[in-house]
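Peer 1: Return a 3D structure for these sequence lines:
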Amino acid sequence: MSEFSLLIQEWYRLNKREVPWRKTKNAYHIWLSEIIMQQTRVQQGTSYYQKFIDKFPTATDLANSDEKTILNLWQGLGYYSRARNLHYSAKVIRDKFNGDFPTDYKDILSLKGVGTYTASAISSFAYNQKKAVVDGNVYRLLSRVFDIDAPIDSSKGQKLFQKLADDLIDSNNPAEHNQAIMEIGALICTPKLAKCNECPLLNKCLSRARNTIPNRPVKEKKTKIRTRFFHFLIFKYDKFTFLEQRIEKDIWQNLYQFPLIETDKKPINKEKVHWKKQFHESSQITHLLSHQRIQATFHHINSLPSVKDEKLEKILIQDINDYPIPSLIDKYLKENIHLS
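Peer 2: Numbers count the residues shown, from 1 in each chain. As a prediction, the model looks like this:
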């Protein structure tokens, strides 16, 4: 074992967080945890992991469920394509692998929504295969310890970091090595305030010696933020309201929302909408996604829609929680009592 691997594993055994998916070798459970934990904090993701394990003990149970149930259970996590990919891949596991999670790395990689990182994580954690993981935490730690200025969002950079990770991994205990390097990246070698004095690699860190920690890792592309203006129409008539399903390939695909008008600027031109005479109350909220900023306005209308629209589904207000809705709308409903 290299000194690098020895140091991080010793640290890990003493400092690791206790999370349920580290106590199992069940590949299906580990797969669920990896998909859920993408873009999700451990504290939040743990409760969702447990809900999915309880509701769907096996991949076949997940495959046999309907999408609406899965999206409803996923509500609040965001990035709903992960849930749809889970459902799709569960069907593949049921039909192609007889319900048994695949053991071959290439078969795992073939599952929808699974990339090289996730396939490596499952292979090492469930089967102790020598597959080095490289996620955001690993990129950051390696770029600092070895003071690498290759952009992590370039093809050349990604190949360089993957090779370095492959060279460093402990052949005898790849699972613990992978857990350790990610855990140090998550808890110690953090993006803004690295806790260098608590790091087991302090004396080996070239960026620390060269004062380049704030400059690592390097990215060559800047994310462009798109601003969108959403106007939700909340019809309330007696005990009913109306929802529509987002079926386009866009954010929140297959989730339900209040009838929506999207504009290219903040004010809505009521002269161009069917319900122009019915607007009487509006509330605004800003919702941030990874590449989008949603400026949402909720218009409350105490009447039925003035025109028929086959896309609209009339529901009892009390049943709205039975529908998978975007976290933006869920948050708004919890903070407002207009529909109560």
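Peer 1: Identify the residues contacting Ser123.
Peer 2: Residues in contact with Ser123 (Cβ atoms under 8 Å, 6 or more residues apart in numbering) are 105, 108, 129, 131. Quick note: C-beta positions are derived from backbone N, CA and C, even for glycine.
Peer 1: Asp66: which of those residues is nearest?
Peer 2: Ile108 (25.2 Å; Cβ to Cβ).
Peer 1: Test my guess that the closest one contacts Ile122.
Peer 2: Yes. Using Cβ atoms under 8 Å, Ile108 is in contact with Ile122, at 5.5 Å.
Peer 1: List the residues that are in contact with both of the two.
Peer 2: Shared contacts of Ile108 and Ile122, counting by Cβ under 8 Å, 6+ apart, come down to Val114.
Peer 1: The two: who's more crowded?
Peer 2: Ile122 (27 against 24; other Cβ atoms under 10 Å).
Peer 1: Tell me how far the more buried one lies from Asn128.
Peer 2: 11 Å (Cβ to Cβ, to the nearest Å).
Peer 1: And the helix or strand of the chain with the lowest mean pLDDT, what does it pack against?
Peer 2: Ranked by mean pLDDT, DSSP states H and E, the helix or strand of the chain with the weakest confidence is strand 281-288, at a mean of 81. Where contact means 3 or more Cβ pairs under 8 Å, 6 or more residues apart in numbering; DSSP states H and E, strand 281-288 is packed against strand 292-301, helix 327-335.
Peer 1: Strands along the stretch 1-150 of the chain, start to end?
Peer 2: Using DSSP state E, counting those that start in this stretch, the stretch 1-150 of the chain contains no strands.
Peer 1: buried stuff in stretch 3-20?
Peer 2: Using 16 or more other Cβ atoms under 10 Å as the test for burial, stretch 3-20 gives 4-5, 7-9, 11-12.
Peer 1: Repeat that for stretch 308-325.
Peer 2: Neighbour-count burial for stretch 308-325 [16+ other Cβ under 10 Å]: 312, 315, 320, 323-325.
Peer 1: ok, back up a step: quick one: which of the helices and strands packed on strand 281-288 is nearest Glu67?
Peer 2: Glu67 lies closest to helix 327-335 among these, at 17.7 Å (Cβ to Cβ).
Peer 1: what does the closest one rub up against?
Peer 2: Outside helix 327-335, the residues touching it (Cβ under 8 Å, 6+ apart) are 75-78, 232, 257-258, 283, 285, 287, 294, 296, 298, 320, 339.
Peer 1: in this protein, what spans have low per-residue confidence?
Peer 2: For the chain, applying pLDDT under 70 flags the ranges 1, 266-281, 306-307, 337-340.
Peer 1: where exactly do the helices run in the stretch 201-340 of the chain?
Peer 2: For the stretch 201-340 of the chain, applying DSSP state H, counting those that start in this stretch gives helices covering 206-210, 327-335.
Peer 1: so which of these comes closest to Asp167?
Peer 2: Set against Asp167 and scored by Cβ to Cβ, the helices of the stretch 201-340 of the chain come closest in helix 206-210, at 16.1 Å.
Peer 1: tell me what that closest one is packed against?
Peer 2: With contacts taken as 3+ Cβ pairs under 8 Å, 6+ apart, helix 206-210 sits against helix 136-145.
Peer 1: Counting by contacts, list what the lengthiest helix in the chain packs against.
Peer 2: Counting by DSSP state H, the longest helix found in the chain is helix 81-96. Helix 81-96 makes packing contacts with helix 27-37, helix 59-64, helix 67-74 when contacts are defined by 3+ Cβ pairs under 8 Å, 6+ apart.
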